[in-house]
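Asks: Just the structure for this:
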Amino acid sequence: QVQLVESGGGLAQAGGSLRLDCAASGSIRSINDMGWYRQAPGNQRVLVATISSGGDTNYGDSVKGRFTISRDNAANTVSLQMNSLKSEDTAVYYCNQEVVTTTAWWMRKSYWGQGTQVTVSS
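Replies: Take a look at the predicted model:
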């Protein structure tokens, strides 16, 4: 009923920048929290940043001051601007959105994107 499509990512040099976007489509009534998570090989998926429907943001300690999360409620899109990239930012990045659908308006459900690779070369 709901699909998340991620775009952006790819290869960057250390110190460079990349931008990720994630657009939701389908039977959407409203979207609460949106966020980005990442998973490096051999590691668990961890929080990168989240943003509430009211615009409150939360960042993982390792990205504070370098990454900026934003959202466009009209377009059901969440973005992640990544600056001053480091080799340790290399991971698969996953978009997450908590969606209230038109067919199950009494509950929110967590949806995930397919993941996009970010590789930072030193």
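Asks: Tell me which residue is most central in the chain.
Replies: W36 (2.7 Å; Cα atoms, centre = their mean).
Asks: Return the distance of that residue relative to A104.
Replies: 25 Å (Cβ to Cβ, to the nearest Å). Glycine gets a C-beta too; all of them are placed from N, C-alpha and C.
Asks: rewinding a little: show me what contacts the residue nearest to the centre of the chain?
Replies: L20, C22, V48, A49, T50, I69, V78, L80, Y93, Y94, C95, N96 (Cβ atoms under 8 Å, 6 or more residues apart in numbering).
Asks: what's the closest of the residues you listed to V5?
Replies: Nearest to V5 out of the contacts of W36 is C22 (Cβ to Cβ; 7.0 Å).
Asks: Identify each of the strands in the chain and give its residue range.
Replies: Under the criterion DSSP state E, the chain contains strands at 2-8, 10-13, 18-26, 28-39, 46-51, 57-59, 67-72, 77-82, 91-101, 109-112, 116-121.
Asks: what comes up buried for the shortest one?
Replies: So the one you mean is strand 57-59. Across strand 57-59, burial judged by 16 or more other Cβ atoms under 10 Å covers Y59.
Asks: Pull the number of nearby residues for M107.
Replies: 8 (other Cβ atoms under 10 Å).
Asks: That one - nearest residue in space that isn't next to it in sequence?
Replies: V100 (7.1 Å; Cβ to Cβ, 6 or more residues apart in numbering).
Asks: That neighbour and W106, how far apart?
Replies: From V100 to W106 the distance is 8 Å (Cβ to Cβ).
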